[in-house]
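Undergrad: Provided below are the primary sequence and the corresponding predicted coordinates.
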Amino acid sequence: MNALFALEGKRALVAGGGLGIGRASARLLAQCGAAVAVADLDGARANETAAELRAAGGIATGIAADLREAAQAERVVAEAVQGLGGLDILVNIIGQTGERGALADMPPERLENALSVNLRHHVYTCAAFIRHLRAAKSGGAIVMTGSLAGVLGAPGLASYGASKAALISLTRTLAVECGPLGIRVNCVVPGMINTDRSRKRPEVVEKARAVIPLGRVGEQEEVAKAILFLASDLASYVSGQILVTDGGQTVLGAFDNL
């Protein structure tokens, strides 16, 4: 079955791979044959995930970095290339919802933080990754991770929603720019997912079930499967696309109050 994804010999960098959807994605990519570099703000988390992948028979390395800084993004790509012998896949997971509140009452620093955490690192890591593939004259795949807040109106999450909407625009722009280089660029948009953050808000999870046609929240591994598909050769003719993974929630246009 793993041969179906054609990841044997591929090298992947998972930005934000130390926990949650990032760790689930790193596991799945490794299970399907890819060597994986796990980058995370928390070096211990990155190394722990990498050690887990190696213990399961995979090739993996952990890298600590704050990818909101261009120089560190450049360093992470260089270290991943050195550690794995090259790169073919970039998966960008890092993101943070932040505090809720009306835009008119939002402190400027909250807006800046949202843009930094949810958008800036994507720009920097993508740029460094694309430069590497261009120099190596090889194609590859980039998978972004967005949010329903970037697709639907998200009251109380203006800064988060704006940054995620910008990420969708970035995905489409890079798909056009990088197509001639043989680089595919796509974005997975998760809905309500069972994460540490959502588990702290059981009342929200319960409300979500009422507006999700499948009647449940998603699991991190289900988002990882969507990421795996877009990173793999199964999606060899897919680029510039937004893959919503939400149990059908957007069909109802239901985001308010979740």
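TA: That came through, no problem.
Undergrad: got a list of what the residue nearest to residue 219 when sequence neighbours are not counted touches?
TA: Nearest residue to residue 219 in three dimensions, chain neighbours excluded: residue 194, at 5.3 Å (Cβ to Cβ, 6 or more residues apart in numbering). The C-beta positions use only the backbone N, C-alpha and C, and glycine is treated the same way. Applying Cβ atoms under 8 Å, 6 or more residues apart in numbering, we find residue 194 in contact with 205, 217-220.
Undergrad: got those as CSV, with neighbour count columns?
TA: Listed next are those as CSV, based on neighbours: other Cβ atoms under 10 Å:
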residue, neighbour count
205, 17
217, 22
218, 23
219, 14
220, 20
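Undergrad: Just the ones in helices from those, please.
TA: With helices defined by DSSP state H, the entries of the contacts of residue 194 inside them are 205, 220.
Undergrad: what's the pLDDT at the residue lying closest to residue 38 once chain neighbours are set aside?
TA: In this structure, residue 38 finds its nearest non-sequential neighbour in residue 17, 3.8 Å apart by Cβ to Cβ, 6+ apart. Here the pLDDT value assigned to residue 17 is 95.
Undergrad: ditto for the one 5 residues further on
TA: Taken from the predicted model, the pLDDT recorded for residue 22 is 96.
Undergrad: and what of the one 3 residues further on?
TA: Per-residue pLDDT puts residue 25 at 97.
Undergrad: That one sits in which helix or strand?
TA: According to DSSP states H and E, residue 25 maps onto helix 20-31.
Undergrad: about what we covered before: let's have the contacts of residue 194 in a markdown table, adding distance to residue 48 and pLDDT.
TA: Below are these laid out as a markdown table (distance: Cβ to Cβ, whole Å; pLDDT from 0 to 100):
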| residue | distance to residue 48 | pLDDT |
| --- | --- | --- |
| 205 | 27 | 72 |
| 217 | 25 | 89 |
| 218 | 24 | 92 |
| 219 | 21 | 94 |
| 220 | 16 | 95 |
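Undergrad: Strands of the protein, residue ranges please.
TA: Listed in chain order, the strands of the chain (DSSP state E) span 11-15, 35-40, 60-64, 89-92, 140-145, 183-190, 193-194, 218-219, 242-245.
Undergrad: separation between the closest residue in space to residue 167 that isn't next to it in sequence and residue 118?
TA: In this structure, residue 167 finds its nearest non-sequential neighbour in residue 146, 5.2 Å apart by Cβ to Cβ, 6+ apart. If you measure residue 146 against residue 118 using Cβ to Cβ, to the nearest Å, the figure is 9 Å.
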